[in-house]
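Enquirer: just to be clear, the model below is a prediction. Sequence and coordinates:
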Amino acid sequence: MTGRLKDRIALITGASRGIGAEVAHRFALEGAHVVLVARTRGGLEDVDDRIRAELKIAPDEDSPVTLLELDLTDLDAVDRIGPTIAQRFGKLDIVVGNAGLLGEMSPMHHIATDVWTEVVDVNLNANWRLIRTTDPLLRQSDAGRAVFVTSGAAHGKRPYWGAYAVTKAALEMMVSCWAAETEETAMRINLLDPGATRTTMRADAYPGEDPSTVKPPEDIAGAFTQLCSPGCEQHGDLIRVY
């Protein structure tokens with residue numbers, strides 16, 4: 001690792017497994033202190049253990065990891081993330097909005113109300129709250145960076161992709177609007193579409209697919225590192241990693 005994120009404070013949602021866990025691992029190896037957000041404490045602790053082992057950090061030494069067990073459907077709790085980080089660290093340099101829900105793969109009119117609401121809350125409303133609560137801190141950073149994970153499902157005709165496709169399309173417009181509003185700042189805000197990646201969500205969407213035929217999440221962690229580095233100049237873009 002090259003230490004491109006040395007001394008940066010990075011917040012990552014959906015960080016207990018898959019893409020989020022791999023991004024957390026790569027960021028920590030690049031020198032960042034990572035604040036990991038997920039619903040499952042056990043999964044977060046597994047990521048912390050892996051990072052400690054990789055960096056050879058003793059049990060009595062401080063870890064470059066802070067665990068934040070939080071359900072993103074609790075939107076008021078998302079609002080408290082910014083103030084919590086400000087109190088703990090006094091700054092925030094990077095936000096990675098990775099958490100997402102697939103929901104039901106079914107005709108639009110068959111989607112249950114509670115499923116629709118949960119997908120919209122996690123994929124869209126929580127990310128809007130995340131933008132709102134972290135924007136002041138990112139503006140104060142000398143190089144505030146934000147990357148939100150989108151999907152090819154946001155484009156074209158997507159029968160049976162329901163709430164997931166709708167929320168990813170809305171996420172792209174929301175993040176693009178925010179990027180346009182921050183062009184005169186030191187912030188760099190982008191969207192990243194990882195393409196076919198070996199995750200639990202991918203397995204749920206394509207149950208008959210051989211997972212060995214798609215790339216593992218660690219293969220795209222470097223793209224996040226590049227977009228979140230202080231030297232990155234890309235802004236308002238949608239980067240596809242296929």
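Expert: Received the coordinates, thanks.
Enquirer: need the contact list for Q226.
Expert: C232 (C-beta atoms under 8 Å, 6 or more residues apart in numbering). The way it works is simple: take the backbone N, C-alpha and C, and place the C-beta from them, glycine included.
Enquirer: sec struct for the closest residue to W161 other than its chain neighbours, please.
Expert: Once its chain neighbours are removed from consideration, W161 has its nearest residue in A153; the separation is 5.1 Å (C-beta to C-beta, 6 or more residues apart in numbering). Using DSSP: H, G, I helix; E, B strand; the rest coil, the structure places A153 in helix.
Enquirer: same question, R158
Expert: From three-state DSSP, the assignment for R158 is coil.
Enquirer: and the residue nearest to it when sequence neighbours are not counted, what is it in contact with?
Expert: Once flanking residues are discounted, R158 sits nearest to A165: 4.2 Å by C-beta to C-beta, 6+ apart. A165 makes contact with S151, A153, A154, R158 under the criterion C-beta under 8 Å, 6+ apart.
Enquirer: and those, which is closest to Y206?
Expert: Proximity of these to Y206 (C-beta to C-beta) peaks at A153, which lies at 12.0 Å.
Enquirer: show me what contacts the closest one?
Expert: Contacts of A153 by C-beta under 8 Å, 6+ apart are W161, Y164, A165, K168.
Enquirer: I'd say the second one and N123 touch.
Expert: This points to Y164. Yes - with contact defined as C-beta atoms under 8 Å, Y164 and N123 form a contacting pair (7.0 Å).
Enquirer: spatially nearest residue to F224 (excluding sequence neighbours)?
Expert: Nearest in space to F224, with sequence neighbours left out and distances taken as C-beta to C-beta, 6+ apart, is V23 at 4.8 Å.
Enquirer: so that neighbour makes contact with V95?
Expert: No - contact criterion C-beta under 8 Å: V23 and V95 do not qualify, at 11.5 Å.
Enquirer: hey, where'd the strands end up in this protein?
Expert: Defined through DSSP state E, the strands belonging to the chain, from first to last, are 9-13, 33-38, 65-69, 94-97, 145-149, 188-193, 238-240.
Enquirer: hmm, who's touching the fourth one?
Expert: Around strand 94-97, the neighbours that count as contacts under C-beta under 8 Å, 6+ apart are 5, 8-13, 20, 23, 27, 32, 127, 130, 134, 138, 144-149, 224, 228.
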